[in-house]
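> Need coordinates for the following:
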Amino acid sequence: MAEFSNSLKPVGGKYTNYRNGDDPNQLLYGKVLPQAIPLEEAVLGAIMLDKDGFPSIIEILRQEMFYYPAHQEIFLMMSNLFGKSQPIDLLTVHES
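Here you go, the predicted structure:
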């Protein structure tokens, strides 16, 4: 999962993937949404490692709960695989 966070750049103690380092939420509202990029990566990685991981979190997590857009896409792929009763692992998520 490290390749996703490589595009993020630390700016002012937070990670952002904006070219100029300005977070639109901070510019518009003066606040930054709660975020924990490493925790998101850990959750997604744990789901791929544990065969029964996704069914145990499907009632708790939703796609929009992930701050980083790539993590939202990965979660959506996992949801689609789960809906098709296909295994959720690094290979199947990567091929989706």
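
> Look up the closest residue to residue 46, ignoring the ones flanking it.
residue 53 (5.8 Å; Cβ to Cβ, 6 or more residues apart in numbering). Using the backbone N, CA and C atoms, a C-beta is placed for each residue, glycine as well.

> all strands of this protein, in order?
9-11, 14-16 (DSSP state E).

> Residue ranges in this protein under the pLDDT threshold?
Within the chain, the segments meeting pLDDT under 70 span 1-33.

> need the helices for it, in chain order.
Listed in chain order, the helices found in the chain under DSSP state H are 2-5, 24-29, 37-49, 53-57, 69-83, 90-95.

> Now the fourth one: buried residues?
Okay, so that is helix 53-57. By 16 or more other Cβ atoms under 10 Å, the buried positions in helix 53-57 come out as 53-54.

> Mind giving me the packing neighbours of that helix?
Under the contact definition 3 or more Cβ pairs under 8 Å, 6 or more residues apart in numbering; DSSP states H and E, helix 53-57 sits against helix 37-49, helix 69-83.
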